[in-house]
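1. Predicted model and sequence below, questions to follow.
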2 protein chains.
Amino acid sequence: MKKFFTFLLAALTFAACNKPEAKMTNDQSHMTKKLITRIAEIEVNEGYLEEYLAAAHNVGTKSVKSEEGVICIFPMQVKDSTNTIRILEIYRNEEAYQAHLQTPHFLEYKQGTLHMVKSLQLVATEPLAPETMPLIFKKY
Amino acid sequence: MKKFFTFLLAALTFAACNKPEAKMTNDQSHMTKKLITRIAEIEVNEGYLEEYLAAAHNVGTKSVKSEEGVICIFPMQVKDSTNTIRILEIYRNEEAYQAHLQTPHFLEYKQGTLHMVKSLQLVATEPLAPETMPLIFKKY
């Protein structure tokens, strides 16, 4: 009986610790083709910066925490031009992106910040080293 | 004896599964202040795109895989302007960044691509929702 428990213990501990390898599987290669990756470039109107930052913060954190298909929303403020915001956005696929656009937190952000945004450019990109994504991004 | 093994099993499995909470600890808040976060914007000379992409791919993957202080190097090609490259770079701190600059793979990339790069702009940024970083970035 003791041997059995020792074996069970070893097997379960191994199973609990056994993390996926950080290399590109066929599944991940298939996933990569469906990814939506882009950089949003936003210029905020004078006088609205604090309010905009709060709204961007709110939508970013809620999306990453609650949406499985939101792999990354990473908003940054440009240091030399504080009214300029850049957001790296990665969605699992078109369906995940469309679902994101319908969430209460995104709709609240979009409608609530229309008058704060001077310009918005969505720069669509292609990841160049997708096999490193398992080493960088948690949900990938 | 059986009870003891059952307890040990439960305790070890719990310990193996118990992942850190995805919230900002004091340590992480301290880490955030030291981060170097930026977007590199690169314009590649005509005729050098393929060669440049191979070099960027090489340095990105080697850095992420081998340098503990490289939290993210994520190169992207702009879809509407294929000679335009953007790289999200996150280093743990100034020391990690300085160490990165001295690695053989970075030096090889820098020296090997000088004639391929038409322009390079390093846009220093400030993360706006650093508490989501544990949910996005693996090494963070």
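-> Arrived safely. Please read all numbers here as calculations on a predicted model, not as lab measurements.
2. Verify the stated contact: A:Thr84 with A:Glu41.
-> Yes - with contact defined as CB atoms under 8 Å, A:Thr84 reaches A:Glu41; the gap is 7.3 Å. C-beta: built from backbone N, CA, C; applies to glycine.
3. burial measure for A:Ala55, as a count.
-> 19 (other CB atoms under 10 Å in any protein chain shown).
4. hmm, the helix or strand hosting it in reach of chain B?
-> Element membership for A:Ala55, per DSSP states H and E: helix A:49-66. Yes - Helix A:49-66 is in contact with chain B by CB under 8 Å from any CB of the partner chain, via A:Leu53, A:Ala56, A:His57, A:Gly60, A:Thr61, A:Val64, A:Lys65.
5. Give the other helices and strands that that helix contacts.
-> Counting contacts by 3 or more CB pairs under 8 Å, 6 or more residues apart in numbering or on different chains; DSSP states H and E, helix A:49-66 packs against strand A:70-78, strand A:84-91, helix A:104-113, helix B:133-136.
6. mind listing what the residue nearest to the spatial centre of chain A touches?
-> Taking CA atoms, centre = their mean as the criterion, A:Cys72 is the residue nearest the geometric centre of chain A, at 1.2 Å. Residues near A:Cys72 by CB atoms under 8 Å, 6 or more residues apart in numbering or on different chains: A:Val64, A:Leu88, A:Glu89, A:Ile90, A:Phe137, A:Lys139, B:Ile136.
7. what bridges to it?
-> A:Ile90 (DSSP bridges).
8. Please tell me how far it sits from B:Phe74.
-> 9 Å (CB to CB, to the nearest Å).
9. any bit of the strand ranked longest in chain A sitting next to chain B?
-> Looking across chain A with DSSP state E, the single longest strand is strand A:117-127. Yes - among the residues of strand A:117-127, A:Val123, A:Ala124, A:Thr125, A:Glu126, A:Pro127 lie within reach of chain B under CB under 8 Å from any CB.
10. Paired strands for that strand, with orientation please.
-> strand A:36-44 (antiparallel), strand B:70-78 (antiparallel).
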